[in-house]
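Novice: coords below, sequence missing:
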């Protein structure tokens, strides 16, 4: 009971710091990793460790599913070549080079343990990549590659992780067999992910008619996909990602507007709690981990952590240059289709932040090699993983905006896309009204049409930055949101009157809740319409 109380109080602290980071536009993943450091030095806190067997099951499926849900399948498909190069080739390349340096640097680090360390730190994190690059005005194609890489590379990293563990525990490892199994596990994971996605699509489409049940099913789906794939020795990671991408692309046809709002809200809350919880757990274990490596000198630990972190950062640049340039040299189609900017290579190379998945993999290392022998160098491996996460998140994450500014990368304006899409939707709706509702009563037709004409006229009066798609100089044009702000002010007048009537008992509770929800949804819609650059 005491441990639960400690975790809840620490979650309150993480939530408060998340609020501060939101207010001052400070990336949340960096806040979380620093929280882990602070928690580790607070005296008197207990050491709390989850069973390694359940760490993956608790954290991986929901975190990966949430990331996949917010990834565009269209963008993912268009960028499949660079995503595959980064998610498979770069992961194995990183695993190998980290293993070489770790084995050379640390006397006690056997080759299997060195490859295990490399596998854990090889995949960049989807949550960290999204959170840190958000609002920096990067090109959408670069964002799509970063997010796609961070989704798929966990499968490659965890396959390498699994075989390194097998080599340590069973003492056998055959390279060609591992390569073949990687292909089979990936294909099986994708197949099971598609099957689960199709089944859940059918259930949502045909049977579910209650918002609460619908949201509950979305919470259970990633666990079902992951456990089913793992049961049949497929890639649970790829199964979850595939299911998430499949259902996200069809969410508009299977969810009601209410369940969609509820689902997104609950998943955002769950994602935030899980991210906070895993760094709380590492913070609570870090003191014990440091004590477990006290036989090494402080200088050695610092040098090892620094060298492994530098290797992880630099190896990305060693890979990205040939992986980008060679396909362009060999294919005229790629040269004609894809614009080249060397600055995007630099940004991609500097965006390899590690995070929750690496931390979960480290915490999932078994405590015992067998019934009598402890797992070798477990504490040292977890320490080195934490060093890599801390270095990449803090150093790369904090300097990324500065690097973008120094490279003079013109800020991509997402507002132009939003503006054009809204124009198309409203114009098409007005045309539909004119074509299909012409026989309606004139007054009724006017009232219906005027709502969309107001939207259309407002769009025509909207002033946007000159560099809609990253071309030209950025002008300091402001977005005119006056019409929307007035509507929000009037909604607050309505809400004030409603609350006053509720306070004095002159409105039924059921009616109060219904009208309150209606006003909340309308205000949400209006705030979504506001033109604000992220």
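Specialist: That came in fine, so what should we check first? Model, not experiment: these values are computed from the prediction.
Novice: if I look at residue 125, how far off is residue 226?
Specialist: Look at residue 125 and residue 226: by Cβ to Cβ, to the nearest Å, they are 18 Å apart. Any C-beta I mention is one placed from the backbone N, CA and C, and that applies to glycine too.
Novice: What of residue 30?
Specialist: 28 Å.
Novice: which regions of the stretch 151-300 of the chain sit below the pLDDT cut-off?
Specialist: 170-179 (pLDDT under 70).
Novice: Tell me where the stretch 351-500 of the chain has helices.
Specialist: 356-363, 378-391, 397-406, 414-436, 442-460, 482-503 (DSSP state H, counting those that start in this stretch).
Novice: deepest of those, which one?
Specialist: By mean neighbour count, with neighbours taken as mean count of other Cβ atoms under 10 Å, helix 356-363 ranks first of the helices of the stretch 351-500 of the chain at a mean of 25.
Novice: tilt between that one and helix 378-391?
Specialist: Between helix 356-363 and helix 378-391, the angle comes out at 170 degrees (axes from the mean of the first three to the mean of the last three Cα atoms, to 10 degrees).
Novice: Double-check residue 374 against residue 367; I have them as touching.
Specialist: Yes. Assessed by Cβ atoms under 8 Å, residue 374 is found in contact with residue 367 at 7.0 Å.
Novice: okay, the two: which has more neighbours?
Specialist: A count of neighbours by other Cβ atoms under 10 Å puts residue 374 above the other of residue 374 and residue 367, at 13 against 10.
Novice: And the closest residue to the more buried one other than its chain neighbours, how far from residue 48?
Specialist: The spatial neighbour of residue 374 that comes closest, neighbours along the chain excluded (Cβ to Cβ, 6 or more residues apart in numbering), is residue 368 at 6.0 Å. From residue 368 across to residue 48, the span is 19 Å (Cβ to Cβ).
Novice: on that earlier part again, more crowded one of residue 30 and residue 226?
Specialist: Ranked by neighbour count (other Cβ under 10 Å), residue 30 and residue 226 place residue 226 first, with 29 against 21.
Novice: Identify the residue nearest residue 147 in space, chain neighbours excluded?
Specialist: Take residue 147 and drop its neighbours on the chain: the residue closest to it by Cβ to Cβ, 6+ apart is residue 71, 5.3 Å away.
Novice: how deep is residue 212 tucked in, by neighbour count?
Specialist: 10.
Novice: Residues contacting the helix or strand where it lies, please?
Specialist: Using DSSP states H and E, residue 212 maps to helix 211-231. Contact partners of helix 211-231, identified using Cβ atoms under 8 Å, 6 or more residues apart in numbering, comprise 57, 60-62, 64-65, 188-189, 192-193, 196-197, 200, 203-204, 208, 235-240, 242-244, 247, 255-256, 258-259, 262-263, 266-267, 270.
Novice: Buried residues in that helix, which are they?
Specialist: The neighbour-count check on helix 211-231 (16 or more other Cβ atoms under 10 Å) flags 211, 214-215, 217-218, 221-226, 228-230 as buried.
Novice: what distance separates that helix from the centre of its chain?
Specialist: 18 Å (Cα atoms, centre = their mean, to the nearest Å).
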